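Participant: Please work out how this folds:
(chains A and B)
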Amino acid sequence: MSAAAPLLSVEELRTHFLTRAGVVKAVDGVSLAVNRGEVLGLVGESGCGKSVTGFSIMGLVDPPGKIVGGRILFEGEDLTTLAEERLRALRGERIAMIFQDPLMTLNPVLRIETQMTEAIRAHHPDVTQTQARARARDALAQTGIPDAEQRLAAYPHQFSGGMRQRVAIAIALLNRPALLIADEPTTALDVTIQAQILHEVQKLCRESGTALIWITHDLAVVGGLADAVAVMYAGRIVEQGPVDDVLDRPLHPYTLGLLGSVPSRTRRGARLPQIPGMAPSPLRLPDGCSFRTRCPRADSSCANMPALEALLPDHLARCVHPLMEARP
Amino acid sequence: MTAAAPLVELRQVSKRFTKPLDLAEKLARHLGAAVHAPVVHAVDRVDLQVFPREVVGLVGESGCGKSTLGRIVVGLYEPSDGAVLLKGADRATLSREARRKSQLAAQMIFQDPFASLNPRLRVREIVGEAPRVHGLVPREALDPFLDDLLRRVGLDPLYKRRYPHQFSGGQRQRLGIARALAVKPEFVVCDEPVAALDVSIQAQIINLFIALREELGLAYLFISHDLGVVEHIADRILIMYLGRIVESAQTEALFRRPNHPYTQALLAEVPRLDQRKRSFTPVKGEIPSPLDPPAGCHFHPRCPHAMERCRRESPALREIAPGRLSACHLNDGAA
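Facilitator: Residues are numbered from 1 along each chain as shown, chains lettered A, B, ... in the order given. Modelled structure (predicted):
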């Protein structure tokens, strides 16, 4: 692999759910790339396909969902064609994931120690139980859990929400993965706890050079954390680029609408510039641009699906009428 | 503040929840063991005033008692101590009839639009039941009244025959708002009304709250953990930590110069759109268990400025500037 190739490159990924009511195109032609040590924010509202994108990379899409097209190149291997055995070897070792609700990912009837040493020894059978235990303890301490030695013996229900998320992060980072996918890991947490988790993740990724895909609906968190941002709407990426470009000078009307919807101190008490309507049902997407039914700039030319194009250097958007003129 | 009487006033209101002892614990106590029923001080001697047409934001993290306080205000909980005054009259001394009237004037909107609407009732019953039962709207005028109300909250009156599951999250929250407004309240407690919604839908609902306030002259107690939302909508903000109000100020003043170390920490940690690639430098630790709150100032184990005195003595909430209250020993030196 050449030095320039990205760590992960998703090309035209299509993950569809074949339901009785019809085909739900949860992810429909998503392409993105993440370099070593880079943080990519994948932003969108519920149902836009951001989580399914993460699950697809991990190979965790269950029926009726199916990856029906595209490639996921990770360190030169196409994850969509790998045997399950090889995928298992990669998951938890080279790629790890943390989820919104750590109660769902931790086994409630096993001690933290068992779950952590298992994650190490599944991938490294030559590591002894004592060594694995020491590594587990260090990983807990690294994510800011006090009394790591004692806490190893605890069960998941004995931790608070924030502490549980730290345990999940510690497990995800146990084997020093090259890529970490984080699916809304701080959404359920309080502000002070969210700041602690962001702090730990930021520090750990900086120290270990782990690349991070941070999936969220919270633009402000992405602004504080990410190098690059991809905005998803109805299964497709509508805008992509460096964080400052996308958040300060958005090209797509949807991105602009999302940014306007965030309450901020400059417009106190005034009405927020809202996006009218709601996201269309994934079973009945409009022809052409999926956003055109809510878009103030839409006209008849939007009936053809625009391509995701680099309208500016490094800054891509999928729009017939991008916000080019209003640029400061 | 102004000379107008507050719509709602709480005076030194506390709410304690006691977990009754189970059989084994009762037995143990009978045999001489030192077992006490655990008591949670969910709300600890809180003063609160909401004036007509005022929006008061109540901010705090999970478990700080903000929802309990909201429920006391609308009368869903009775306070363990202290008095709730509605337009100057103590609720505990009101006659049944007067109390019923006063409770109609204070309504509540809940966080979870999925759990707070009866799934087996149609919209017509959900929204129309209360005004009909309380005789606020004559039977023959109910339909036009409902049409008007639904339009006001941004729903199509044709939806009257639908069930809650036929609506999206944002639409359900609009239904919850319509239900609260159906009895023509003057004051609405909004308990995290936008926390469960997507960003674009959240903006729509916030706009609806702002519009309704202007059109109907409503006052809100707006409970949220999201400082950005509260900053946008509230005139005055109360910060709550572990059952106590630690700071209270006009919104601009609070955000310009937060006084209490907890407020400072909260403001510093809210991710903002205009801050890029920042380093998060969080306060240490978590909210202590309300079953066993720290002595003295509740915030001292996490506070970067904690002194010996903070461990012993709980600071009083006192005025540090006109219209500004804060409960911190640090203000003693500066004053």
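Participant: wait, residue B:152 sits on residue B:182?
Facilitator: No: if you go by CB atoms under 8 Å, residue B:152 and residue B:182 don't touch, sitting 10.5 Å apart. Just so you know, the C-beta spots here come from the backbone N, C-alpha and C atoms, and that holds for glycine as well.
Participant: So these two - more neighbours on which side?
Facilitator: residue B:182 (24 against 17; other CB atoms under 10 Å in any protein chain shown).
Participant: show me what contacts that one?
Facilitator: Residues in contact with residue B:182 (CB atoms under 8 Å, 6 or more residues apart in numbering or on different chains) are B:127, B:128, B:130, B:131, B:136, B:146, B:149.
Participant: pLDDT at the nearest residue to residue A:92 once chain neighbours are set aside, what is it?
Facilitator: Computed as CB to CB, 6 or more residues apart in numbering or on different chains, the closest residue to residue A:92 that is not its neighbour in sequence is residue A:119, at 5.8 Å. Among the per-residue scores, residue A:119 shows a pLDDT of 91.
Participant: dump the residue contacts of residue A:119.
Facilitator: A:92, A:171, A:174, A:175.
Participant: How much space separates it from residue A:58?
Facilitator: Distance, residue A:119 to residue A:58, using CB to CB, to the nearest Å: 15 Å.
Participant: Could I get the full set of strands for the chain?
Facilitator: No chain specified, so I'll use chain A. A:8-19, A:22-34, A:39-43, A:65-74, A:77-78, A:95-98, A:179-183, A:211-216, A:228-233, A:236-242, A:309-312, A:315-317 (DSSP state E).
Participant: The chain in question should be chain B.
Facilitator: Going by DSSP E, chain B shows strands at B:8-18, B:39-50, B:55-59, B:81-86, B:89-90, B:106-109, B:187-191, B:219-224, B:236-241, B:244-250, B:318-321, B:324-326.
Participant: For the last one, name the packing helices and strands.
Facilitator: This points to strand B:324-326. For strand B:324-326, the packing partners by 3 or more CB pairs under 8 Å, 6 or more residues apart in numbering or on different chains; DSSP states H and E come out as strand B:244-250, strand B:318-321.
Participant: Enumerate the residues of the stretch 51-200 of chain B near chain A.
Facilitator: B:61, B:62, B:168, B:170, B:198, B:199, B:200 (CB under 8 Å from any CB of the partner chain).
Participant: can you do 6 Å?
Facilitator: B:61, B:62, B:168, B:198, B:199, B:200 (CB under 6 Å from any CB of the partner chain).
Participant: In terms of pLDDT, where does residue 84 sit?
Facilitator: You didn't say which chain, so I picked chain A. Reported pLDDT for residue A:84: 89.
Participant: Hmm, no, I was thinking of chain B.
Facilitator: pLDDT at residue B:84 comes out at 92.
Participant: Other residues contacting the longest helix seen in chain A?
Facilitator: Taking DSSP state H as the criterion, chain A has its longest helix at helix A:191-208. Residues from elsewhere that reach helix A:191-208, judged by CB atoms under 6 Å, 6 or more residues apart in numbering or on different chains: A:143-144, A:162, A:165, A:173, A:176, A:186, A:212, B:269-270, B:280, B:282-283.
Participant: Please convert the buried members of those residues into PyMOL selection syntax.
Facilitator: Only the buried entries of those go into this PyMOL selection, using 16 or more other CB atoms under 10 Å in any protein chain shown:
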select buried, (chain A and resi 143+144+162+165+173+186+212) or (chain B and resi 269+270+280+282+283)
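Participant: quick one: which of the contacts of helix A:191-208 is nearest to residue B:205?
Facilitator: Nearest to residue B:205 among these: residue B:270, at 19.8 Å, using CB to CB.
Participant: Just give the number of residues close to residue B:272.
Facilitator: 18.
Participant: which stretch among the strands of chain A comes nearest chain B?
Facilitator: strand A:39-43 (9.0 Å; CB to the nearest CB).
Participant: Just the C-alphas of the closest one, formatted as CSV.
Facilitator: Output of strand A:39-43 as CSV, limited to C-alpha atoms (Å, rounded to 0.1, in the frame of the first residue of the first chain):
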residue,chain,number,x,y,z
VAL,A,39,-11.2,12.5,12.7
LEU,A,40,-14.2,12.4,10.4
GLY,A,41,-17.5,13.7,11.6
LEU,A,42,-20.5,11.9,9.9
VAL,A,43,-23.5,14.2,10.6
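Participant: Name the helix or strand of chain A that has the lowest mean pLDDT.
Facilitator: In chain A, the helix or strand scored least confidently by mean pLDDT, DSSP states H and E is helix A:102-105, which has a mean of 78.
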